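next comes the sequence, and after it the predicted model I'd like to discuss.
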Amino acid sequence: MEHKMASSDVSYQNVAVKYGILVGIVHIVFFLVMWALGLLEIIELSFLSGIFLVIGIVVAISSYKRVRRGGIRYLEGFGIGATVGAVSSAILALFLMVFLGTLRTGYLENLQASGLFPESLTLLSLFVLTILYGTIPGALIAFIAMQWFKRRDHNTMPGQD
């Protein structure tokens, strides 16, 4: 009995949600490390977590294409990126609501003072902005990544077989 799933059993949605959850967890860990190191006041550092989104999307598209034996439709790859972005940012947004509502209630004022967020920022608007800040870049990252992955001869990420 073969343990690998047939390529037709794997949907791009399942791959995207899996990697979205993983990237969301990494976002939370990064935030907690920044908190532990006392770096939360340097708001610009939080945007470094975008690197995790790029890596997660590229690995997700590569993984899906490998499972599909080199076949991926452009819109599937685009959907993977948008979904990874939406799922990971929704996980981060939920975490931020709990964290900022209980442990670090003054953080919203830091965000407002940074100039990167509106002065009228509330927990609800931060929730929505966090999801938008993940979903829109996720779609853009996928759009760029699919320029590489849409070609049949580019089966996976460089160095992977």
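Structure received. Numbering: from 1, shown residues only.

so how far is Phe95 from Thr102?
11 Å (CB to CB, to the nearest Å). The C-beta positions use only the backbone N, C-alpha and C, and glycine is treated the same way.

neighbour count for these two, which is higher?
Higher neighbour count among Thr102 and Phe95: Phe95, with 17 against 8, using other CB atoms under 10 Å.

pretty sure the more buried one contacts Phe30?
No: counting by CB atoms under 8 Å, Phe95 stays clear of Phe30, with 11.1 Å between them.

what number of residues lie near Ile21?
Neighbour tally, Ile21, other CB under 10 Å: 16.

the closest residue to Phe52 other than its chain neighbours is in what secondary structure piece?
Once flanking residues are discounted, Phe52 sits nearest to Val26: 4.7 Å by CB to CB, 6 or more residues apart in numbering. With elements taken from DSSP states H and E, the one containing Val26 is helix 12-36.

against which helices or strands is that helix packed?
Applying 3 or more CB pairs under 8 Å, 6 or more residues apart in numbering; DSSP states H and E, we find helix 12-36 packed against helix 50-67, helix 74-102.

dump these to JSON lines, plus mean pLDDT.
As requested, those are arranged in JSON lines below (pLDDT from 0 to 100):
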{"stretch": "helix 50-67", "mean pLDDT": "92"}
{"stretch": "helix 74-102", "mean pLDDT": "91"}
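
next, format those helices as CSV and append distance to Ile131.
Converted to CSV, the helices and strands packed on helix 12-36 look like this (distance: least, CB to CB, whole Å):
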stretch, distance to Ile131
helix 50-67, 13
helix 74-102, 5
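
now for the ones you listed, which one comes closest to Trp35?
Checking the helices and strands packed on helix 12-36 against Trp35 by CB to CB gives helix 74-102 as the closest, at 8.3 Å.

give me the helices and strands touching the closest one, please.
Packing partners of helix 74-102 (3+ CB pairs under 8 Å, 6+ apart): helix 12-36, helix 50-67, helix 123-149.

which one, of the ones you listed, ends up nearest to Ala86?
Counting by CB to CB, Ala86 lies closest to helix 123-149 out of these; the figure is 4.4 Å.

just give me how far the lowest-mean-pLDDT helix or strand in the chain sits from the chain centre.
When the helices and strands of the chain are scored by mean pLDDT, DSSP states H and E, helix 107-114 comes last with a mean of 72. How far helix 107-114 lies from its chain's middle: 23 Å, per CA atoms, centre = their mean, to the nearest Å.
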